[in-house]
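[1] Sequence first, predicted coordinates after that:
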Amino acid sequence: MRTYLTFKDIQDRCTQLNDIYEIEEEKFYRIVEKWADREVPTEEKLVASFSELLQVVSDEINHMEKVVEMEPTCRLGCAFCCYFPIIINGMEAKLMKKAMENFPESRREKIEEHIQNYFAQYGEEIEEMTSLNFEEDKDFKLKYRQKNLPCMMLNTETNQCMAYEIRPIPCRTYVNYTDPKVCEDNLMPKEPVSFEFLYSEYMGALNEFLQFLYEEGDTGFIQYPDDMYKEDYLPNWFK
Ligand code: SF4
């Protein structure tokens, strides 16, 4: 029978990580510097840096896992964390939409149809849950989770994300290292680790890039800085 790390093991490894690991910020900034120099349209620069920065976040997590020898127990087809509210800013929403425009036509059509059906099926509950004030209501996550509403991007037949490679930061930074049953048995399990602190490097690099583009006079489809300041639930950006 497989043995899993205990909650205490996980906590100890996180402490160890905290003591020895230094995030290599340069990795994030190198991406935007690379795209800033490319002779391609602004739209392409933005979407490419966004996708690559998301990947750097995932790579950084993989690296940390290796350093403290932790292996995720999250598996394809397990989607308990896709019932949590996902909050992103307006810039991320626009970047997600643009990146999705580059998906092959058949995939794009499937997503569009899925989103339409999603709102037809869950519209009222979504309306209710996305009116929870996530800035002031400290229980908003639990209240949302109790509704058992799947994420707008979750294919509930396969339990897979329809926009996996561009899934937002909260999705890619929430990882379980113990028995997957903890996610099945608890609405808000305490065991999974959140690497959401990497958001600051990812957003810092994007902000620096947008600032540069702003000074150059072309931020493409992004309204800078306004889009960065507006945050909302994922479905509200796609209504
Ligand atoms: S965006 Fe994808 S990974 Fe994130 S919660 Fe939704 S379905 Fe899950």
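    All right, it came through fine.
[2] show me the contacts for the spatially most central residue of the chain.
    The centroid of the chain falls nearest to residue 168 when counting by Cα atoms, centre = their mean (1.9 Å). By Cβ atoms under 8 Å, 6 or more residues apart in numbering, the residues touching residue 168 are 86, 88, 92, 96, 234. Where you see a C-beta, it was placed from the backbone N, CA and C, and this is true even at glycine.
[3] Same question for residue 31.
    Contact partners of residue 31, counting by Cβ under 8 Å, 6+ apart, are 49, 52-53, 56, 205.
[4] and it, that's in a strand?
    No: residue state for residue 31 (DSSP: H, G, I helix; E, B strand; the rest coil) corresponds to helix; a strand is not indicated.
[5] Excluding chain neighbours, give the residue nearest to it in space.
    Distances taken as Cβ to Cβ, 6 or more residues apart in numbering put residue 52 closest to residue 31, at 4.8 Å, once the chain neighbours are dropped.
[6] what comes up buried for the helix or strand hosting that neighbour?
    Under the criterion of DSSP states H and E, residue 52 resides in helix 42-67. By neighbour count on 16 or more other Cβ atoms under 10 Å, the buried set for helix 42-67 is 45-54, 56-58, 60-61, 64-65.
[7] about what we covered before: quick one: which of the contacts of residue 31 is nearest the ligand?
    Proximity of those to the ligand (Cβ to the nearest ligand atom) peaks at residue 53, which lies at 16.3 Å.
[8] isn't the closest one right next to residue 198, touching?
    No: Residue 53 is beyond contact range of residue 198, at 9.8 Å (criterion: Cβ atoms under 8 Å).
[9] Residue numbers of this structure in contact with the ligand?
    Contacts of the chain with the ligand, taken as Cβ under 6 Å from any ligand atom, map to 82, 86, 151, 153-154, 161, 163, 167-168, 171.
[10] Just send these back as CSV, with pLDDT and secondary structure too.
    Shown next, in CSV, are the residues of the chain next to the ligand (pLDDT from 0 to 100; DSSP: H, G, I helix; E, B strand; the rest coil):
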residue, pLDDT, secondary structure
82, 98, helix
86, 98, coil
151, 98, coil
153, 98, coil
154, 98, strand
161, 97, strand
163, 98, coil
167, 98, coil
168, 98, coil
171, 97, helix
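[11] Determine which two of the residues you listed are furthest apart.
    The most widely separated members of the residues of the chain next to the ligand are 154 and 168, with 12.8 Å between them, by Cβ to Cβ.
[12] quick one: contacts of stretch 76-90?
    Contacts with stretch 76-90, where a contact means Cβ under 8 Å, 6+ apart, come from 74, 96, 129-130, 132, 134, 140-141, 144-145, 148-151, 153-154, 158-161, 168-171, 174, 180, 183-184, 192, 223, 226-234, 237.
[13] For burial, what's the neighbour tally of the nearest residue to residue 60 once chain neighbours are set aside?
    Nearest-residue entry for residue 60: residue 198, 5.9 Å, with adjacent residues in sequence omitted and distances by Cβ to Cβ, 6+ apart. Look at residue 198: counted by other Cβ atoms under 10 Å, it has 21 neighbours.
[14] Tell me where the chain has helices.
    7-20, 25-37, 42-67, 90-101, 105-129, 140-146, 169-172, 181-185, 199-216, 226-229, 234-238 (DSSP state H).
[15] Can you check what angle separates the fifth one from helix 90-101?
    To tie it back to what came earlier, the one meant is helix 105-129. Here helix 105-129 points in a direction 150 degrees away from that of helix 90-101 (axes from the mean of the first three to the mean of the last three Cα atoms, to 10 degrees).
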